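# Using only what follows, build the 3D model:
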Amino acid sequence: MATIVLSMMLTMFILSAAGYICRKNGIIDTAFSKKLSRLIIEVGQPMLIIASVVNTEYSREKLLLGFSILGIGLIVHAALALAAFLYSLHIKELNEAKMTSFMMIFANCGFLGLPVLGAMLGPDGLFCGAFYVIAFNLFLWSYGMILLGRKRNDIKLSPKKMLINFGTVPCAIGIVLYMIKPYFVLPDFLANSLTFLGNLCTPISQLIIGGLIAMRPLKELFNSLKLYSFSLTKLFIIPCIALFICKLLGFSEFITYFITIVTAFPCATNATMFGEIYDIVPEYAAQVVGITSVLSVISIPIVMKIAEWVIAL
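Here you go, the predicted model:
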């Protein structure tokens, strides 16, 4: 597992480095980066979610596993919300406290997460990842909006966005197609089209992250103890705590690996998007997303190696 993880993260690093170079040389600018983000959010990720569910062999047990992951995802996000609240208590500046909490809770489980879960855990990882994305979006458009909307009248909870978004709708479509799979199977040309469009996520999302890192001088990115403290907590301490809790509760090896992985992902790129849209310390958000994305290349293989040791006990 550790070797696979290291190989996957090094691949991600190289793709991000390409995005960094493209941004520095003007191939990717802010406007183009936003269009690429929209391409992934509105096309790539929805198609990947549908494909990851539809391309999995049907069984009632897998469907129940998927809904179990949805419930686990909601519990994980609630636990992360508590951890974020405690971590942010010492931050006096309101906007920084809000964004810090937001980034502690929401990880890059879509852009980066789905391809990584597929590489590490195979088709079942992708399948369960799609259900986890539902939990992510439900929490993002409910508690996430409440969090960012503290002392703001222009940011409000929207029940419509909570239930109807580019994460939940593709999952619903995928689940319906999966449930009728014993009676109707998508033609190969449609299934292949979904897969090819979904495959846009990995390279383009890493180009976006690399471009994001290039927005700030590397010196600023790596000279802040505050950022390192956050990164240590987000990328190492929290997933290790999750790992030991899973072990103590006697979860299966697959579920333990899954929960450990999803809690070890870097901060969601949504943080920078919301930071820009609502003017909530966007530069700080970009710094944190950038440094956690870079450091995750090292931290995720380490965390997964620890997971191998703990699971083997």
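# going forward, measure contacts between C-alpha atoms and count neighbours the same way
Fine.
# Which positions in stretch 231-246 come out as buried?
Buried residues in stretch 231-246, counted by 16 or more other Cα atoms under 10 Å: 231, 233-240, 242-244, 246.
# What of stretch 301-313?
Residues of stretch 301-313 classed as buried: 301-305, 307, 311 (neighbour count, 16+ other Cα under 10 Å).
# same question, stretch 222-233
Across stretch 222-233, burial judged by 16+ other Cα under 10 Å covers 227-228, 230-231, 233.
# ok, now stretch 254-264?
Within stretch 254-264, the residues scored as buried using 16+ other Cα under 10 Å are 255-264.
# just stretch 275-289 next, same as before
For stretch 275-289, burial by neighbour count (16+ other Cα under 10 Å) applies to 275, 280-282, 284-289.
# Looking at those, which one is closest to residue 184?
residue 289 (41.8 Å; Cα to Cα).
# I'd say the closest one and residue 268 touch.
Yes: in this structure residue 289 lies within contact range of residue 268 using Cα atoms under 8 Å: 6.9 Å.
# tell me, what's touching those two both at once?
Residues touching both residue 289 and residue 268 (Cα atoms under 8 Å, 6 or more residues apart in numbering): residue 103.
# quick one: contacts for residue 85?
residue 101.
# JSON lines for the buried residues of stretch 275-289, including pLDDT, secondary structure and distance to residue 115?
Below are the buried residues of stretch 275-289 laid out as JSON lines (pLDDT from 0 to 100; DSSP: H, G, I helix; E, B strand; the rest coil; distance: Cα to Cα, whole Å):
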{"residue": "275", "pLDDT": "82", "secondary structure": "helix", "distance to residue 115": "25"}
{"residue": "280", "pLDDT": "88", "secondary structure": "coil", "distance to residue 115": "29"}
{"residue": "281", "pLDDT": "85", "secondary structure": "coil", "distance to residue 115": "29"}
{"residue": "282", "pLDDT": "80", "secondary structure": "helix", "distance to residue 115": "27"}
{"residue": "284", "pLDDT": "85", "secondary structure": "helix", "distance to residue 115": "27"}
{"residue": "285", "pLDDT": "85", "secondary structure": "helix", "distance to residue 115": "23"}
{"residue": "286", "pLDDT": "80", "secondary structure": "helix", "distance to residue 115": "22"}
{"residue": "287", "pLDDT": "83", "secondary structure": "helix", "distance to residue 115": "23"}
{"residue": "288", "pLDDT": "89", "secondary structure": "helix", "distance to residue 115": "22"}
{"residue": "289", "pLDDT": "86", "secondary structure": "helix", "distance to residue 115": "18"}
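# What is the nearest of those to residue 62?
Once Cα to Cα is applied, the member of those that ends up nearest residue 62 is residue 289, at 33.1 Å.
# Against residue 158, how distant is the nearest residue to the closest one once chain neighbours are set aside?
Closest residue in space to residue 289, ignoring its immediate chain neighbours: residue 267 at 5.3 Å, by Cα to Cα, 6 or more residues apart in numbering. According to Cα to Cα, to the nearest Å, residue 267 stands 23 Å off from residue 158.
# send the alpha carbons of stretch 30-43 over as CSV?
The C-alpha coordinates for stretch 30-43 follow below in CSV (Å, rounded to 0.1, in the frame of the first residue of the first chain):
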residue,chain,number,x,y,z
THR,A,30,-6.4,33.6,-13.2
ALA,A,31,-9.3,33.7,-15.7
PHE,A,32,-8.1,30.4,-17.4
SER,A,33,-7.7,28.8,-14.0
LYS,A,34,-11.2,29.7,-13.0
LYS,A,35,-12.5,28.2,-16.3
LEU,A,36,-10.5,25.0,-15.6
SER,A,37,-12.0,24.8,-12.1
ARG,A,38,-15.5,25.2,-13.6
LEU,A,39,-14.7,22.5,-16.1
ILE,A,40,-13.8,20.1,-13.3
ILE,A,41,-16.6,21.1,-11.0
GLU,A,42,-19.3,21.0,-13.6
VAL,A,43,-18.1,18.3,-16.0
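# List the buried residues for that stretch?
Under the neighbour-count criterion of 16+ other Cα under 10 Å, stretch 30-43 has 33, 36-37, 39-41, 43 buried.
# And stretch 98-113, end to end?
Start-to-end span of stretch 98-113 (Cα to Cα) is 23 Å.
# any residues touching that stretch, and which ones?
Applying Cα under 8 Å, 6+ apart, the external contacts of stretch 98-113 come out as 40, 45, 77, 80-81, 83-85, 87-88, 129, 133, 136, 140, 144, 147-148, 201-202, 205-206, 234, 262-263, 265-269, 271, 275, 280-281, 285, 289.
# Mind doing that once more with 6 Å?
Residues outside stretch 98-113 that contact it (Cα atoms under 6 Å, 6 or more residues apart in numbering): 80-81, 84, 148, 201, 205, 265-268.
# Going along the chain, name the helices of the stretch 1-150 of the chain.
For the stretch 1-150 of the chain, the helices defined by DSSP state H, counting those that start in this stretch cover 2-24, 30-39, 45-54, 60-87, 94-105, 113-139, 145-148.
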